[in-house]
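Participant: Quick one, fold the following:
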Amino acid sequence: MPEHLTTLKDNSTVAYNVFNEDATDKIALVLIMGMTGCMLDWQMWAEAVAKAGNRKVVIFDNRNIGNSHGNIDGLSVDSMALDTIELIEQLNLKDVHLLGFSMGGIIAQQMLLNHSPLFTIHKIILSSSACRRPKLSHIDMSSLEGAQAFNLILYDEEWVSNNKAILAVIKEASNYMRRPFETLQAQFKALSAMELGEKLKYTDWTNRLYVMHGKRDAIISFKEAEHTLEIAKGAKLVNTLPTLEYGHLFWAYFDPKIWSDAIEGCLGEKTEAKL
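Facilitator: Prediction:
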């Protein structure tokens, strides 16, 4: 599927795709990618989820990675949140749900808690993410070798041993995606400096905030999911999956229909109030 490009106010460009664009009966779901990731990493999965759920789904490349281009001097969680807001506004979406993966979940929270966009954010799913500065000390982004090693812990050991052929295909495909090392370092630095301040604790998030997290996540511990559920009143763990024994790169586990059913189980519930 050919991607689209749009130009932001600062002349940076954002590459994006929209799946199931004619599905207007449901609120659109915007997927926000994590650190080092490109939208091509989950494009097939996102398209399948859009089809299975009969819902419009938007994916995009964060600033200066994949086919998005822009200045990354002073890159921060907030600047990435502003990029996402501007993209959604350019797409003329008045109502959205957000699913933020890893760093994307932190970007989603920044949008939700610290900005007042022209659109309404109805529900948010935090996938393999955290509501406070995650402990990333075991990740080395000081060298290209360290960045490459990061990709080896996206899955758990059992998955790797059972999916060596698939992993080889994923690694080969990954080589064709643009992932500037300076952007990876800038993203890591942005996460290290994030300051959400656990603002989630001041709102009742019943039927609005969902946590989707695997117990085998070696990058952001499941303890972060438990912490979010503890401080965010009414937040709900997505436990309608076959098991919670999955790793950080969640979409590599289970069929897209299973994920779609789990996501629709969250988004299908009535929203009582505007966020």
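Participant: what does the helix or strand bottoming out on mean pLDDT in the chain contact?
Facilitator: The helix or strand of the chain with the poorest confidence is helix 144-150; it has a mean of 71 (mean pLDDT, DSSP states H and E). Helix 144-150 is contacted from outside by T36, I139, D140, M141, F181, L184, I219, using C-beta atoms under 8 Å, 6 or more residues apart in numbering. Glycine gets a C-beta too; all of them are placed from N, C-alpha and C.
Participant: Spatially nearest residue to the third one, not counting backbone neighbours?
Facilitator: Beyond its immediate neighbours in the sequence, the residue positioned closest to D140 (C-beta to C-beta, 6 or more residues apart in numbering) is G146, lying 3.1 Å away.
Participant: Count the neighbours of the one you found for me.
Facilitator: 14 (other C-beta atoms under 10 Å).
Participant: How about M35?
Facilitator: 25.
Participant: just the strands in this protein please.
Facilitator: Using DSSP state E, the strands of the chain run over 4-7, 13-19, 28-32, 57-60, 95-101, 120-127, 209-212, 236-237.
Participant: still on that earlier bit, figure out how far the least confident helix or strand of the chain is from the centre of its chain.
Facilitator: 20 Å (C-alpha atoms, centre = their mean, to the nearest Å).
Participant: Return the set of buried residues in it.
Facilitator: For helix 144-150, a neighbour-count test (16 or more other C-beta atoms under 10 Å) marks A147, F150 as buried.
Participant: From the chain's centroid, how far away is stretch 222-234?
Facilitator: With C-alpha atoms, centre = their mean, you get 18 Å for stretch 222-234.
Participant: Kindly report the same for stretch 90-102.
Facilitator: The answer for stretch 90-102 is 11 Å, by C-alpha atoms, centre = their mean.
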